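Visitor: Structure, please.
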Amino acid sequence: MKINLFFGLAFAVFCAVPAFADEVIVKDGDSLEAGERRIRLDGIDAPEYPQVCLNDEGKEYPCGKEALQFLENLTKGQDVDCKCLPHKDRYHREICECFVGDVSVNQAVVSAGWAVAYRDKTYLAQEKEAKENKRGIWQGKYMRPAIYRVLQKTETKTAP
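Guide: Sure, this is the predicted structure:
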């Protein structure tokens with residue numbers, strides 16, 4: 001089991017955690033589970049699992065499922081190391097940047113076009129490049145995941 005440590009200022013911001021001892025389960029395009037640990041990938045927002053997008057021909061495709069599949073393929077059978085913030089999100093998930101070897105999982109998902117830069121905008125350059133190359137959700141039209149979630153909540157509240 002590897003333990004990554006940051007020193008100085010970086011250590012004050014991130015708390016290094018060991019590689020997952022349990023098998024990593026991908027919950028959606030930006031969330032993982034391993035045993036009791038629930039992880040939200042920091043700085044990115046992927047389509048929700050049931051979300052659909054439009055491809056370059058205007059046809060619907062399951063972009064939420066494809067985002068999940070990309071993350072599954074990236075992490076399947078790999079050691080996943082995460083560096084987590086000292087606090088959790090409102091759903092009590094750890095907020096982390098995770099790695100497979102030297103590859104930032106967070107960055108890879110945005111670079112492949114299966115998530116957008118979120119909140120702190122760390123991955124704006126990767127988002128821009130994915131958009132310019134029409135990768136993932138950028139191949140056609142999509143709804144930002146945060147807007148999709150708000151609309152889903154609204155529909156649930158107004159349903160008879």
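Visitor: Check whether Gln152 sits in a helix, strand or coil.
Guide: Three-state secondary structure (criterion: DSSP: H, G, I helix; E, B strand; the rest coil) places Gln152 in helix.
Visitor: Quick one: the strands in this protein, in order.
Guide: When assigned using DSSP state E, the strands of the chain occupy the ranges 15-16, 25-28, 31-34, 37-41, 44-45, 53-54, 60-61, 80-88, 94-100, 103-104, 116-117.
Visitor: Same list, these, but as TSV with mean neighbour count please.
Guide: All C-beta spots, glycine's among them, are computed from the backbone N, C-alpha and C. Shown next, in TSV, are the strands of the chain (neighbours: other C-beta atoms under 10 Å):
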stretch	mean neighbour count
strand 15-16	16
strand 25-28	17
strand 31-34	19
strand 37-41	22
strand 44-45	24
strand 53-54	19
strand 60-61	13
strand 80-88	17
strand 94-100	21
strand 103-104	16
strand 116-117	23
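Visitor: out of these, which comes closest to Thr154?
Guide: Between Thr154 and those, the shortest gap by C-beta to C-beta is with strand 44-45, which sits at 18.3 Å.
Visitor: elements contacting that closest one?
Guide: Secondary-structure packing of strand 44-45 (3 or more C-beta pairs under 8 Å, 6 or more residues apart in numbering; DSSP states H and E): helix 105-111, strand 116-117.
Visitor: So what are the sheet partners of it and their directions?
Guide: The pairing partners recorded for strand 44-45 under DSSP bridges are strand 116-117 (antiparallel).
Visitor: average pLDDT across the strand it pairs with?
Guide: In this model, strand 116-117 has a mean pLDDT of 96.
Visitor: Check stretch 79-98 too.
Guide: Regarding stretch 79-98, the rounded mean pLDDT is 95.
Visitor: Show me how far stretch 70-84 is from its chain's centre.
Guide: Its chain's C-alpha centre lies 11 Å from the corresponding centre of stretch 70-84 when counted by C-alpha atoms, centre = their mean, to the nearest Å.
Visitor: Could you tell me how far the residue nearest the centre of the chain is located from Glu57?
Guide: Against the mean C-alpha coordinate of the chain, by C-alpha atoms, centre = their mean, the closest residue is Asp30 at 2.2 Å. In this structure, Asp30 and Glu57 are 27 Å apart, going by C-beta to C-beta, to the nearest Å.
Visitor: Sounds good, over and out.
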